[in-house]
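> Using only what follows, build the 3D model:
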Amino acid sequence: MTSNQRNWGFGLCFLYLRNVKGFKWNHKRVYRIYRSLELNLRIKPCQRIVRDVPLALAVPTKINDMWSMDFMHDQLADGRSIRLFNVIDDFNREGLCIEVDFSLPSKRVIRALDQVIEWRGKPRAIRCDNGPEYISAVTSAWAAKRGISIKFIQPGNLQQNAYVERYNRTVRYDWLAHHLFDSIDEVQNFATSWLWTYNHDRPHMGLGGITPKQKLALAA
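Now for the predicted structure:
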């Protein structure tokens, strides 16, 4: 397990064994084995910065009440810049889409959202920043036609989009920062495979240690 998920600490490993695989092993016993195998992650010390505590985001009470979307940036091995378009359902933090390409204009954003809606159903609202792809007339017209409300955060206030920002950090920390890809197809294939693992196998601390799909099943 740790060879495939090198960035999982003991907490995630134990939750995976208990909540995903169903093992009822004693917490302390598992930790002793974990320590004896020297699997502990080395944590770099960092200077603590005192910040204002942001207001907690409201937690949706049902599926498709609020989605969040955001972009990430990275590079291929040859230095070419790429973009990742991420969409999640805030209700169960489920990753709904990772679209990868060199350019992702408004029409590509709409196409990706339409593809998700085909199997997921449409959201009541989508939260996002004020990027040009989101504030464009094309996106506004699409949202109005679909009956979807676009909720823009205040410029520069990323805490208002905290769910997808946290998801972005997981994407980067789990795999994006640890691999050099040669092509868009390589990134897309890896992202699609990882997305299944994230939704089905990766315990989520914000969900009480269960996976997004387990949260969805409990709400059914």
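
> What's the per-residue pLDDT of residue 31 here?
In the predicted model, residue 31 carries a pLDDT score of 62.

> same check, this time on the one 10 residues further on
Confidence at residue 41, expressed as pLDDT, is 55.

> Identify the residues contacting residue 176.
Each residue near residue 176 by C-beta atoms under 8 Å, 6 or more residues apart in numbering is listed here: 72, 74, 84. To be clear about C-beta, it is placed using only N, CA and C from the backbone, and glycine gets the same treatment.

> Check what pLDDT it gets.
At residue 176, the model reports a pLDDT of 97.

> Look up how far residue 191 lies from it.
When C-beta to C-beta, to the nearest Å is the yardstick, residue 176 and residue 191 sit 8 Å from each other.

> what's the most centrally placed residue in the chain in contact with, if anything?
With distances taken as C-alpha atoms, centre = their mean, the chain has residue 167 as the residue nearest its mean C-alpha position (3.0 Å). Under the criterion of C-beta under 8 Å, 6+ apart, the neighbours of residue 167 are 68, 86, 88, 93, 95.

> returning to what we had before: okay, and the common contacts of residue 176 and residue 191?
Shared contacts of residue 176 and residue 191, defined by C-beta under 8 Å, 6+ apart, comprise residue 84.

> Isn't residue 198 up against residue 92?
No. The pair residue 198 and residue 92 does not pass the contact test of C-beta atoms under 8 Å, sitting 11.7 Å apart.

> Please enumerate the shared neighbours of those two.
Taking C-beta under 8 Å, 6+ apart as the contact definition, residue 198 and residue 92 share the neighbouring residues residue 212.

> which residues in this structure form strands?
Per DSSP state E, the chain carries strands over the ranges 66-75, 81-89, 94-101, 125-128, 149-152.

> and of the ones you listed, who's closest to residue 118?
strand 94-101 (11.4 Å; C-beta to C-beta).

> Not counting that closest one itself, show me its contacts.
67, 82-89, 108-109, 112-113, 115-116, 120, 167, 171, 184, 187-188, 191-192, 194-195, 198-199, 212-213, 215-216.

> now that strand against strand 66-75, angle please.
Taking axes from the mean of the first three to the mean of the last three C-alpha atoms, to 10 degrees, strand 94-101 and strand 66-75 form an angle of 40 degrees between their directions.

> Domain map for the protein?
Following the assignment in automatic domain parsing, the chain carries domains at 1-44, 66-219.

> Turn the ones you listed into a markdown table, columns for distance to residue 59.
Shown next, in a markdown table, are those (distance: least, C-beta to C-beta, whole Å):
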| stretch | distance to residue 59 |
| --- | --- |
| domain 1-44 | 19 |
| domain 66-219 | 7 |
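
> Ranked by average pLDDT, which of the ones you listed falls at the bottom?
domain 1-44 (a mean of 65).

> Tell me how many other residues crowd the closest residue to residue 77 other than its chain neighbours.
Computed as C-beta to C-beta, 6 or more residues apart in numbering, the closest residue to residue 77 that is not its neighbour in sequence is residue 180, at 4.4 Å. Here the neighbour count serves as a burial measure; for residue 180 (other C-beta atoms under 10 Å) it reads 9.

> Next: residue 217.
Other residues near residue 217 number 11, with proximity taken as other C-beta under 10 Å.

> ok, now how distant is it from residue 207?
12 Å.

> State the pLDDT value of residue 59.
89.

> what's the answer for residue 220, then?
According to the per-residue confidence, residue 220 scores 84 in pLDDT.
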